[in-house]
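Enquirer: take a look and give me a structure for this.
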Amino acid sequence: MTPVRIVEGRAIPLGRKNIDTDVIIPAHYLKTISRVGLGRGAFETIRAEPGNLFDEPQFARAPILIAGDNFGCGSSREHAAWAMLDMGITAVIAPSYSDIFSGNAVKNGIVPVVLPQAAVDRLLEVARDHPITVDLESCTVTTPFQDRFAFEMDPFRRECLLGGLDEVGMTMAQGARIDAYERGAAADRPWLSAA
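Expert: This next block holds a predicted model:
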């Protein structure tokens, strides 16, 4: 996983509430275990609407999505985070998230920023024509107009994102300590080791 410190650029001002994982990536795309190519099917039902934001040139490969309340509700499909990453989205700003989606987002390198509705409304307005910056180190979202919105994040999740570590990466980072423990355990209890 790539470490995330600052995400800056255009933000898709979606703003819709209750976007579930089936809207993010419909079930008929779940026949793959590959993360590559899922962006083509992301938000398919919204993209089918005339004049949708996802297909406007200024939002192509936008790294930020601004959504409404209860983003990522529905099933626990990790493919939703994969599809968003494949589109280029590495941060989502919303008033609230489904717990499962929020966890999947962090495990895949997407920053789930929680801000009050008034801040989200202001960012939706700014995002139509201007870039936005999400700074995970200072836990702030800023605009070119001196707007500055502070957000909180679980310290463990924040450190995982800053370090680019999921559970496997965290375990692998402890390789030397694990090896030392295994050597000590084998010396103390040789009967447990393979001959």
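
Enquirer: and whichever strand or helix holds Ala105, which residues are buried?
Expert: Using DSSP states H and E, Ala105 sits in helix 99-107. Within helix 99-107, the residues scored as buried using 16 or more other Cβ atoms under 10 Å are 100-107. (Glycine included, C-beta is placed from N, CA and C.)

Enquirer: in this protein, which spans are strands?
Expert: Using DSSP state E, the strands of the chain run over 6-9, 11-13, 64-66, 91-94, 111-114, 132-135, 140-142, 148-150.

Enquirer: CSV for those strands, including mean pLDDT and mean neighbour count?
Expert: Listed next are those as CSV, based on pLDDT from 0 to 100; neighbours: other Cβ atoms under 10 Å:
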stretch, mean pLDDT, mean neighbour count
strand 6-9, 98, 16
strand 11-13, 98, 25
strand 64-66, 98, 27
strand 91-94, 98, 27
strand 111-114, 98, 23
strand 132-135, 98, 21
strand 140-142, 98, 20
strand 148-150, 98, 14
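
Enquirer: wait, which of these is closest to Leu161?
Expert: Taking Cβ to Cβ, strand 111-114 is the member of these nearest to Leu161, at 5.9 Å.

Enquirer: tell me the helices and strands packed up against that closest one.
Expert: Judged by 3 or more Cβ pairs under 8 Å, 6 or more residues apart in numbering; DSSP states H and E, strand 111-114 is in contact with strand 91-94, helix 99-107.

Enquirer: in the chain, what helix or strand scores lowest on average pLDDT?
Expert: The weakest-scoring helix or strand in the chain, judged by mean pLDDT, DSSP states H and E, is helix 167-173 (a mean of 83).

Enquirer: which one of the buried residues of helix 99-107 is nearest Phe71?
Expert: Taking Cβ to Cβ as the measure, Phe71 sits nearest to Phe101 out of these, at 6.8 Å.

Enquirer: if I pick the closest one, what's in contact with it?
Expert: Each residue near Phe101 by Cβ atoms under 8 Å, 6 or more residues apart in numbering is listed here: 21, 71-73, 80-81, 112.

Enquirer: circling back: other residues contacting the least confident helix or strand of the chain?
Expert: Contact with helix 167-173 is made by 1, 107, 160, 163, 165, 178, as judged by Cβ under 8 Å, 6+ apart.

Enquirer: try stretch 32-51
Expert: The contact list for stretch 32-51 (Cβ under 8 Å, 6+ apart) reads 14, 16, 23-26, 28-29, 52, 54-55, 79, 82-88.

Enquirer: which among the residues you listed count as buried?
Expert: Buried members of these, counted by 16+ other Cβ under 10 Å: 14, 23-26, 29, 54, 79, 82-87.

Enquirer: which among these gets closest to Glu137?
Expert: If you rank these by distance to Glu137 using Cβ to Cβ, Leu85 comes first, at 20.8 Å.

Enquirer: residues in contact with that closest one?
Expert: 35, 39, 108-110.
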